[in-house]
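1. Generate a structure from the sequence data that follows.
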Amino acid sequence: MTMMIKGMPYGAPIELKGEEPDAEGIVTKALDALTASVDERLKAIETKSGERIDQLEAKINRPSIITGKADDMSEERKAFDAYLRHGKEAGAEELKTLIVSSDPQGGYLAPAEMSSEFIRELVEFSPIRPLASVRTTSAPSVTYPRRTGITNAKWKGEIQASEASEPAFGQVEVPIREVNTYVDVSNQLLADSAGTAEAEVRLALAEDFGAKEGLAFVSGDGPLQPEGLMTNADVLSTATGNAATLGTNPADLLISHMYLLPASYRTRGTWLMNGSTLAAIRKLKDASGLYLWQPSYQVGAPEMILGRAVIEIPDLDDVGAGTAPILFGDIATAYRIVDRVSLSILVNPYILATNGITRIHATRRTGAAVVQPKAIRKIVCSV
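-> Below you'll find the model as predicted:
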């Protein structure tokens, strides 16, 4: 006797031999056949899945020079990579994909992905940037309101009339400045970089621009530079009383200096100093013989002085007559950085062609200023 069971794969027949089985026997045999069929299918799926996983693992474990294909990049990024290699000769289709900047040199704006990566790398070389408040703008300058006074409330009796008072406000303008440079890149490096020409250029520019920004954010005072933290005339200072050192008792000086800052800023304060000054501070002890400097016990956490983070700023002064070697305060509240335009690139493959070099010009516009001088305070050595 042969029967067809609904739901069986491909309508597979079930042959029932022997005596005529009852209904329960038919169902049991049908279920056994169905279970066997499902097991076979599961084994086939498992075999195919294992093969697929092996293929994916093999692909992932290949060297990055193979897996990092140019096809993974966006169209704009591939066009920009071609422009870095060949300049205006990159081809009409590639150049059409790029964003033309308002730069009079006729350059192109870097793709958004590259600009974001450039900013991340810039932070590694510009130590003030991660501490300050950073904004972007499309204007040539930005004006921020600044409160210069508070209201004047008074205690009054039960039926005495209240008196009006108004807070005082001022303004601070942050003009946008321009910084530019160029890098010379070997044509062989551009040709053999396996799609990383952009990364090579980006790292070189980040290091250069980061160094220029770092210096300007500390001591910039000219009409062509952003205003530096140490050059704002409204930032208060603490005198050391000694031209050659941090005074007769540097530990007491640091403690006094820290508590001269208003508590609202002091609790978010950060110490800034260069390496030689930090080396001298690390040797200081309080009256109990304990070091003022405290090491970092957590990866990525900064070292501490008097319970506040300390950041090494190479561009700050050494200790000496008339210098300002140390700054303490709430940098994010005090200092504002405004970025105007993304990185603008102009490629010139001709000027050094006989030397096998392509010159890549880069322009960036950014501004900075102290917007709340009360939030920081510097230590100044006597003259």
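2. my read is residue 40 is in a helix, agree?
-> Yes. According to DSSP: H, G, I helix; E, B strand; the rest coil, residue 40 belongs to a helix.
3. gap between it and residue 49?
-> According to Cβ to Cβ, to the nearest Å, residue 40 and residue 49 sit 15 Å apart. In short, each C-beta sits where N, CA and C put it, glycine included.
4. can you check residue 185 too?
-> With distances taken as Cβ to Cβ, residue 185 is found 46 Å from residue 49.
5. And those two? Which one has more around it.
-> residue 185 (22 against 10; other Cβ atoms under 10 Å).
6. who's in contact with that one?
-> By Cβ atoms under 8 Å, 6 or more residues apart in numbering, the contact set of residue 185 is 197, 200-201, 204, 357-360.
7. Looking at those, which one is closest to residue 334?
-> residue 204 (31.3 Å; Cβ to Cβ).
8. For the closest one, give me phi and psi.
-> When read as degrees, to the nearest 10, the backbone of residue 204 gives phi -60, psi -40.
9. For it, the count of nearby residues, please.
-> Neighbourhood size, residue 204 [other Cβ under 10 Å]: 17.
10. hang on, it packs against residue 184?
-> No. Assessed by Cβ atoms under 8 Å, residue 204 is found out of contact with residue 184, at 9.3 Å.
11. Can I get stretch 374-383 in PDB? Just the C-alpha atoms.
-> Extracted in PDB, the C-alpha atoms of stretch 374-383 (Å, rounded to 0.1, in the frame of the first residue of the first chain):
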ATOM      1  CA  LYS A 374      37.900  85.000  34.200                       C
ATOM      2  CA  ALA A 375      37.800  81.200  33.600                       C
ATOM      3  CA  ILE A 376      41.700  81.000  33.300                       C
ATOM      4  CA  ARG A 377      44.700  82.400  35.200                       C
ATOM      5  CA  LYS A 378      48.400  82.300  34.400                       C
ATOM      6  CA  ILE A 379      51.600  82.300  36.500                       C
ATOM      7  CA  VAL A 380      54.100  85.000  35.500                       C
ATOM      8  CA  CYS A 381      57.700  85.000  36.500                       C
ATOM      9  CA  SER A 382      59.100  88.400  37.700                       C
ATOM     10  CA  VAL A 383      61.300  90.400  35.500                       C
END
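12. Buried ones in that stretch, by neighbour count?
-> 374-381 (16 or more other Cβ atoms under 10 Å).
13. what's the answer for stretch 44-57, then?
-> For stretch 44-57, using 16+ other Cβ under 10 Å, no residue counts as buried.
14. Give me the residues contacting it.
-> By Cβ under 8 Å, 6+ apart, no residue outside stretch 44-57 reaches it.
15. And it, how far out from the chain middle?
-> Centroid separation for stretch 44-57 versus its chain: 40 Å, with Cα atoms, centre = their mean, to the nearest Å.
16. What ranges does the stretch 201-350 of the chain have for its helices?
-> Assigned by DSSP state H, counting those that start in this stretch, the stretch 201-350 of the chain shows helices spanning 250-260, 263-266, 275-282, 331-334.
17. quick one: buried residues of the second one?
-> Buried residues in helix 263-266, defined by neighbour count with 16+ other Cβ under 10 Å: 265-266.
18. could you give me the average pLDDT of it?
-> If you average the pLDDT over helix 263-266, you get 93.
19. where does the chain have low pLDDT?
-> Low-confidence segments of the chain (pLDDT under 70): 1-27, 29-31, 34, 38, 53, 55-115, 147-148, 193-196, 296-300.
20. Domains in it, by residue range?
-> Following automatic domain parsing, one gets these domains for the chain: 2-47, 128-146+169-190+217-383.
21. who touches residue 367 in this structure?
-> When contacts are counted by Cβ under 8 Å, 6+ apart, residue 367 touches 141-142, 174-177, 226, 337-338, 340.
22. Which strand or helix spans it?
-> Element membership for residue 367 (DSSP states H and E) is strand 357-370.
23. Pairing partners for that strand, with directions?
-> If you go by DSSP bridges, strand 357-370 pairs up with strand 177-186 (antiparallel), strand 335-348 (antiparallel).
24. So what's the gap between that strand and the chain middle?
-> With Cα atoms, centre = their mean, you get 17 Å for strand 357-370.
25. give me the number of residues near residue 170?
-> Applying other Cβ under 10 Å, we find 10 residues neighbouring residue 170.
26. Phi and psi next, for it.
-> Taking degrees, to the nearest 10 as the convention, residue 170 sits at phi -130, psi -170.
27. Against residue 330, how distant is it?
-> Applying Cβ to Cβ, the value for residue 170 to residue 330 is 19 Å.
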